[in-house]
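S.K.: Structure for the following, please:
(chains A, B, C and D)
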Protein chains: 2
Amino acid sequence: MADVAERAGVSGQTVSRVVNASPRVDPETRARVEAAMTDLGYRPHRAARALRTGRTQTIGLVVSTLASVGNSRMLQAVADAAATRGYALTVVTLGADGDVAAAFERLAEQGVDGAIVLNEATARVRGADVGAAGLRLVVVDSPRDDRFGVVETDHAGGARSAVAYLLGLGHATVHHLGGPEASFAAAERERGWRDALSAAGVAVPPVVRGDWTSASGFAAASVLLESGATAVFAANDQMALGVLRAVAESGRAVPGDVSVVGFDDVADAADYRPPLTTVRQDFDALGARAVAALVDGIEVGTPAAFETVPTRLVVRESTAPARV
Amino acid sequence: MADVAERAGVSGQTVSRVVNASPRVDPETRARVEAAMTDLGYRPHRAARALRTGRTQTIGLVVSTLASVGNSRMLQAVADAAATRGYALTVVTLGADGDVAAAFERLAEQGVDGAIVLNEATARVRGADVGAAGLRLVVVDSPRDDRFGVVETDHAGGARSAVAYLLGLGHATVHHLGGPEASFAAAERERGWRDALSAAGVAVPPVVRGDWTSASGFAAASVLLESGATAVFAANDQMALGVLRAVAESGRAVPGDVSVVGFDDVADAADYRPPLTTVRQDFDALGARAVAALVDGIEVGTPAAFETVPTRLVVRESTAPARV
DNA sequence: ATCGGCTATGTTATCGTCAACACGGATGCT
DNA sequence: AGCATCCGTGTTGACGATAACATAGCCGAT
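M.R.: Okay, here's the model as predicted:
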C-alpha cells in the first residue's frame, strides 16, 4: 500500500479511501491511484483490514452432512450468493455427534461475520448458546425465532399440493414416508400432508419414517405396501427412489398400482424409473435469500427477518389415477 | 490477551507461547495461563495472527459445480480432513464460464494458505497462471505436473476391473458411456476401458459421451442400444441411472439383456433399479490425502507429491452373464 | 572461581489497514 | 471584508499477535 501511495504521489490514507470507494476523493486522484494499484498488482490485505475493522467479510455455513443432495444444492446456492455479495464462505460440517455449539465455536474463532445454519435439528440450534459465540445467524428451515433470521421453503404448502394432487387422482388416501423426527423440514412436510388429508376429510394413515437416504426409503416401503397404500408421498426424492425399487421388487408397478411423489426435485429425479413426480424446491432462491438476510443484518443492522420461498409441483410419470 | 497475561501474572509473549504450545514454558506457568484463558473466555484473534505470521490457517477449495454427487462427497471429505488438521475451508465455485484464474484470484485475495482444485478441466488449471496468484496447490484428478501436488483415484484401474468383470461374464465386448472430453477423470476411465478391451483382444466400439448428468446418460443410451450393446460401462453412476431408464423404456431388461456398470458408488446407487454394480471411489481417503499433501506442503515445505487411491468393484444386480 | 550455555521469561518493534483528527484552500454567505 | 463550511488530503496511533532479541538465574565444566 505504501508503494502504491508513493507511486501515485499520495498518502496511504488516500489509497485506503480509493479502495473503499469513499466519495471524498478527487476523481483525478482516484484515477492516478487506481493506475498505480494496477501497475503494482496491489491487493488489499484482508487480515490487516479485518484486524482494524473487526469485519472479516466472511460468512460461515454450518451443515450436518453433504451426503444429502438437497444440502449440496443449498451449499452451492449459498456459495454463489455469498460470492456475489463479496463475502467468502467457510464451511463447517458437524461431526457424527452433531455438535452445533462446537461448530459455532469454530466459526467464532475464525471470526466470521455471521453464519447460516442449514436445516439443522431445531433443538440443537436453540440449545447451542447463540449469544455465547456472539454470531449473527440466519437459520434455514427452522421454526421462527426472534433471536435469528429464518428463511424457509414452504414445505407444508408443497406437501399440500402433492397430496391434493394425489387425492384429485382418486386415491382413497395418501400414505406418508416422513423424514427424521428432529428435522423441522420433515415436520412441516408431514404437517402439510396431514392438513391436506384432513381438509379432504380423508383418513390419516400412520406415518413411517426414514432418515432421508434411499436405503431408508427402501426399508420403510415394505411397511407401506403391506398396509395397502396406493399413493405414497415421500419426504424427499432419495427416499422416493428407495420406494420405487421396493415397489418394483414386490411385483407391483409404479404408477399402475402405486403412485409415488417425492420432494426436492433433485437433478436425477427426472431419470428415476419412472421419472418422479415431485415438489420442486427453489434452492437458489433459498440460498440467495439466506445470504441476503445475513448480509443485510451485518451491514445495515436489519433486524432478523422471516421469509418463505414457494414450491412448485412437477408432475412426471410416477403418478396416475387410482384403480377403479 | 493482555487481560489474560495480567491475570496470570505473565507477559503477553508467554501467553502467546502457551497458545502455540511452545515447549519453553514452565508447566506451572502454563497451567496458570490456561486457567486464566478459560476464566476470561479468551480466544486468539485469527486476523491478528494472520497479519503477523502471514498464515491464515485457511485453505481454499475450487470446484466447478456441486451438482455432481461425487463433487459433493469430495467436498465433505475435504472439509472434514481440513477441520481435523486445524484449517478452515473456504469454498469457491466457478461461474458458468469456468474461470479458474478468477477463482484463484479470489482465493489469493482472501489470503488462503493453499488451495485444492477438484476435478477441473486440466487445460484450465494449467492456463491459469498458478504462479501469479502465488498459491500452493493440490489438484485432484489431474495429470501429473511438477508445479503442484496431484492426488487421484485410480480411474484407469477401476475401469479395467469393471471391464474385465464384464468380459468375464461372457460379453463379446463392452461399450463405454464416457464423461466430458475435457475431464481428466473421464479420460482415464476411458483409457482403462480401452486397455482392458485391447488386453482381451476384443473389438473397441466407439465411445459415446455424456456430461456426467443422468439426463445425458439417458440421451446417450439410445445410441448404445442401437449398436446392439449387451454390456455398458458408464463413466459415473448418475449417467448409469439414465442408461437404466433408457434400457427399460426400450423394452429391454437389465441385467437380462444389457449389463450396466457405473463408477463412484454414490449412496443412491444401491437403490437404483436394479441396484447398480459400480466401481467404488474412496472419497474420504482422497480428500484426506489431498488435504494432507497440501498442509504438509504449507507447514513443512514437502515438495509436490503424487498419489493414487485405489478403487474397488462393488458387484450388485445390474450385471449378469451374457446370453448364450 | 569463572565462564559458557541453557532455561524461563520479558521487551520492543512490526505486520497492513483504517478511524479519528488536523489542516490548508476554496467557496458561499452576510 | 470577515467568517463559517466544505472538500480533498495528510498525520498519527491502534487493532492483536508474534519474531527477534534481551535478560536473569541456574547449572556444570574447567
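S.K.: Please count neighbours and contacts with C-alpha atoms only from this point.
M.R.: Will do.
S.K.: give me the residue from chain A nearest chain B.
M.R.: For chain A and chain B, the shortest gap (C-alpha to the nearest C-alpha) falls at residue A:90, measuring 4.2 Å.
S.K.: So what sits opposite the nearest residue in space to that residue that is not next to it in sequence in the bridge?
M.R.: Once flanking residues are discounted, residue A:90 sits nearest to residue B:90: 4.2 Å by C-alpha to C-alpha, 6 or more residues apart in numbering or on different chains. Residue B:90 has these beta-bridge partners by DSSP bridges: residue A:90, residue B:60.
S.K.: Enumerate every residue touching residue B:90.
M.R.: Applying C-alpha atoms under 8 Å, 6 or more residues apart in numbering or on different chains to residue B:90 gives the contacts A:88, A:89, A:90, A:91, B:58, B:59, B:60, B:61.
S.K.: Dump the residues you listed into CSV; add pLDDT as well.
M.R.: Putting the contacts of residue B:90 into CSV (pLDDT from 0 to 100) gives the following:
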residue, pLDDT
A:88, 92
A:89, 94
A:90, 93
A:91, 93
B:58, 94
B:59, 94
B:60, 94
B:61, 94
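S.K.: Identify, from the residues you listed, the entry nearest to DNA strand C.
M.R.: Distance to DNA strand C across the contacts of residue B:90 (C-alpha to the nearest atom of the strand) is lowest for residue A:88, with 15.9 Å.
S.K.: Counting neighbours, what do you get for the closest one?
M.R.: Neighbours of residue A:88 under the rule other C-alpha atoms under 10 Å in any protein chain shown: 22.
S.K.: how much space is there between it and residue B:110?
M.R.: The spacing between residue A:88 and residue B:110, counted by C-alpha to C-alpha, to the nearest Å, is 8 Å.
S.K.: Please apply the same query to residue A:162.
M.R.: For residue A:162 relative to residue B:110 (C-alpha to C-alpha), the value is 45 Å.
S.K.: So between the two, which is more surrounded?
M.R.: The residue with more neighbours, out of residue A:162 and residue B:110, is residue A:162; 30 against 24, by other C-alpha under 10 Å.
S.K.: what's near enough to touch that one?
M.R.: By C-alpha under 8 Å, 6+ apart, the residues touching residue A:162 are A:233, A:261, A:278, A:279, A:313.
S.K.: and it, that one's in a helix?
M.R.: Yes. Per DSSP: H, G, I helix; E, B strand; the rest coil, residue A:162 lies within a helix segment.
S.K.: tell me which element the residue of the stretch 201-324 of chain A found nearest DNA strand D falls in.
M.R.: Of all residues in the stretch 201-324 of chain A, residue A:298 sits closest to DNA strand D, at 18.6 Å by C-alpha to the nearest atom of the strand. According to DSSP states H and E, residue A:298 maps onto helix A:283-300.
S.K.: Then residue A:192?
M.R.: Going by DSSP H and E, residue A:192 is in helix A:184-199.
S.K.: For the helix or strand that that helix is followed by, name the packing helices and strands.
M.R.: Of the helices and strands lying after helix A:184-199 in sequence (DSSP H and E), the nearest is strand A:208-209. Using 3 or more C-alpha pairs under 8 Å, 6 or more residues apart in numbering or on different chains; DSSP states H and E as the contact test, the elements touching strand A:208-209 are strand A:175-178, helix A:214-226.
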